[in-house]
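K.L.:
Here you go, sequence then predicted model.
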Amino acid sequence: MYYIAAALLGLSGLFYSAGRHELGQFGADVCKYGSTFCDNPVLVFTGAALAAAWGIFVSVK
């Protein structure tokens, strides 16, 4: 679950950068297919936080 949280955290950073037009043509392509997430990258970040919390909750030590 930590891998999923890390991937979602990376994606939220990607969508944030693409929404701020910092990635050039690649960012335009990203926002063309994921415009909702470019406008609100906090949605993906929230998913990452929930995945991390779930990973902590179900971890067995």
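P.N.:
Received the coordinates, thanks. The structure displayed is predicted, hence computed values, not measured ones.

K.L.:
how about the one helix or strand residue 30 maps to: buried residues?
P.N.:
If you go by DSSP states H and E, residue 30 is part of helix 25-33. By neighbour count with 16 or more other CB atoms under 10 Å, helix 25-33 contains the buried residues 27, 30-31. No exception for glycine: its C-beta is placed from N, CA and C like everyone else's.

K.L.:
Among those residues, which one sits closest to residue 60?
P.N.:
Residue 60 has its nearest neighbour among the buried residues of helix 25-33 in residue 30, at 36.7 Å by CB to CB.

K.L.:
ok, that closest one - contacts?
P.N.:
14-15, 18, 23, 38 (CB atoms under 8 Å, 6 or more residues apart in numbering).

K.L.:
Now, of these, which are buried?
P.N.:
When those are checked for burial by 16+ other CB under 10 Å, the buried set is 14-15, 18, 38.

K.L.:
Can you list the buried residues in the helix or strand that the helix holding residue 30 is followed by?
P.N.:
Remark: after helix 25-33, the chain's next helix or strand is helix 35-39, criterion DSSP H and E. By 16+ other CB under 10 Å, the buried positions in helix 35-39 come out as 37-38.

K.L.:
Next: stretch 2-11.
P.N.:
For stretch 2-11, a neighbour-count test (16+ other CB under 10 Å) marks 5, 8-9, 11 as buried.

K.L.:
Figure out how far it is from the centre of its chain.
P.N.:
7 Å (CA atoms, centre = their mean, to the nearest Å).

K.L.:
what sits up against it?
P.N.:
Counting by CB under 8 Å, 6+ apart, 37, 44-45, 47-49, 51-52, 55 sit against stretch 2-11.

K.L.:
Let's see that with 10 Å instead.
P.N.:
30, 34, 37, 41, 44-56, 59 (CB atoms under 10 Å, 6 or more residues apart in numbering).

K.L.:
Which parts of this protein are strands?
P.N.:
Using DSSP state E, the chain contains no strands.
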